[in-house]
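Visitor: I'll drop the sequence and a predicted model, then ask my questions.
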Amino acid sequence: MTAQLLAGGPVAEAVLDDVRTRVEALAAKGITPGLGTILVGDDGASAGYVRKKHETCESVGFTSQHIHVPADAAPSALDEAVAAFNEDPAVHAYIIQHPVPSGFDFNAALGWCSRRTARCRARRPASRPCSCTTTSTSRAATWS
């Protein structure tokens, strides 16, 4: 069997077009989706991925916010960044860019995401729909 090259560009554009349509429908209801990103440290490739996420947000009509946690910050700074996004009504989902420098507990930060999901599933009023999922380069909090 011969390998066949698949064109990813048209698939990506179709997905983004669908997202734009959904964002327009939300905007008609007065809702502007918001994405938050958290970058810990100064990894160049990770910074590039985060930058691309913000560019894509702008292209589809999302707002986006970013928190940079310096590599030499106290480990609790990552938890504080997650807590800030959990409490921000303009942020509907957020991404902790992976990897994080040694000294930071990535899994503990994901525990904050899990608590947010539990609040959502319990239908507590302060929560917004969000769950943690894994991608190849980042852990993401995304709509359920």
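Guide: Thanks, I have it.

Visitor: Can you name the next helix or strand after the longest helix anywhere in the chain?
Guide: Criterion DSSP state H: the longest helix present in the chain is helix 8-28. Under the assignment DSSP states H and E, the closest C-terminal helix or strand after helix 8-28 is strand 34-40.

Visitor: For that next one, which strands pair with it and how are they oriented?
Guide: When pairing is defined by DSSP bridges, strand 34-40 lines up against strand 63-69 (parallel), strand 93-97 (parallel).

Visitor: With respect to burial, which of these scores highest?
Guide: strand 93-97 (a mean of 24; mean count of other CB atoms under 10 Å). All C-beta atoms are positioned from the backbone trio N, CA, C, and that covers glycine.

Visitor: picking that back up, and the strands paired with strand 34-40, which one averages the lowest pLDDT?
Guide: Lowest mean pLDDT of those: strand 93-97, a mean of 91.

Visitor: just the CA coordinates of that one, formatted as PDB?
Guide: Output of strand 93-97 as PDB, limited to C-alpha atoms (Å, rounded to 0.1, in the frame of the first residue of the first chain):
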ATOM      1  CA  ALA A  93     -11.200  27.600  29.200                       C
ATOM      2  CA  TYR A  94      -7.500  27.700  29.700                       C
ATOM      3  CA  ILE A  95      -4.400  25.900  28.700                       C
ATOM      4  CA  ILE A  96      -1.300  25.200  30.900                       C
ATOM      5  CA  GLN A  97       1.400  24.900  28.300                       C
END
